[in-house]
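Participant: all I have is the shape, not the residue letters:
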């Protein structure tokens, strides 16, 4: 499960995309890799030498060149400088940033970067923005059909990059409500869950973040239709993002966005308050 624009930018339309690989994205990654290889060869530099300068192994450089792994922005900048590429590699950064996400999540990933407010309700796994690296790997390893190792690494890297939202300025308002059952699933084992609960406690102490737990014992529950995310852009435009089996939808209809936000407000009122929620997480952590 994944998870996961300026005034002049075009608004994303509704999305109903399958989870098959994005062929155009793969083409971008392959084209960048070929450019990197060509420039490295032109510079008379072996993979081992470029890797040493960038802080990577020769095999990782090979993965970049063969389009099996997307380099982070810093590696692209350093490669451009080390190979005296004159900006020929740096121009790929925006396209590679988009290509690192599965096609069904690309629209949402772009919106997250400009979010003024994000409201997320989850029932199966911890929200990607809140996940530890170990928890990410455990969740992605449970996908069926299985994801290959390179895809898992790529998606882990992309999710970690998305977590920059917590330190972004201006500071967005972030609210997360999750069912108690989410915190009891031992994906990856007790140690992985322990680390995840500890991370929730740390993030939950941030002034712009509220984490709330919906107890299993609650008789009233407005979230029975499943997980969803409501995102408000800086210009006040709201969007609703929903994932289901094999598809996702990024809803732009203002009426649906208003209804989803209202539903989220009810869910939040039914969940434990933030302080009690953190105490609940501490209690679960003590039981592991």
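Facilitator: That came through, no problem. Predicted, not measured: the structure shown is a model, and the values here were computed from it.
Participant: which pLDDT value belongs to the closest residue to residue 222 other than its chain neighbours?
Facilitator: Once flanking residues are discounted, residue 222 sits nearest to residue 266: 4.2 Å by Cβ to Cβ, 6 or more residues apart in numbering. For every residue, glycine as well, the C-beta is placed using N, CA and C. Residue 266 is assigned 98 on the pLDDT scale.
Participant: just the element for residue 266, please.
Facilitator: helix 254-270 (DSSP states H and E).
Participant: and the least confident helix or strand in the chain by mean pLDDT, what does it pack onto?
Facilitator: When the helices and strands of the chain are scored by mean pLDDT, DSSP states H and E, helix 93-99 comes last with a mean of 83. Judged by 3 or more Cβ pairs under 8 Å, 6 or more residues apart in numbering; DSSP states H and E, the packing partners of helix 93-99 are helix 23-42, helix 73-82, helix 106-112.
Participant: what inclination does the first one have with respect to helix 73-82?
Facilitator: Here helix 23-42 runs at 30 degrees with respect to helix 73-82, directions being taken by axes from the mean of the first three to the mean of the last three Cα atoms, to 10 degrees.
Participant: mind checking the pLDDT average for helix 23-42?
Facilitator: pLDDT averaged over helix 23-42 gives 86.
Participant: now stretch 116-130
Facilitator: The model assigns stretch 116-130 a mean pLDDT of 97.
Participant: ok, how many other residues are close to residue 275?
Facilitator: Burial measure for residue 275: 11 neighbouring residues, criterion other Cβ atoms under 10 Å.
Participant: and it, how far from residue 170?
Facilitator: According to Cβ to Cβ, to the nearest Å, residue 275 and residue 170 sit 25 Å apart.
Participant: returning to what we had before: packing partners for the very next helix or strand once past the helix holding residue 266?
Facilitator: Note on helix 254-270: by DSSP H and E, the next helix or strand toward the C-terminus is helix 274-287. Contacts defined by 3+ Cβ pairs under 8 Å, 6+ apart place helix 274-287 against helix 190-203, strand 209-214.
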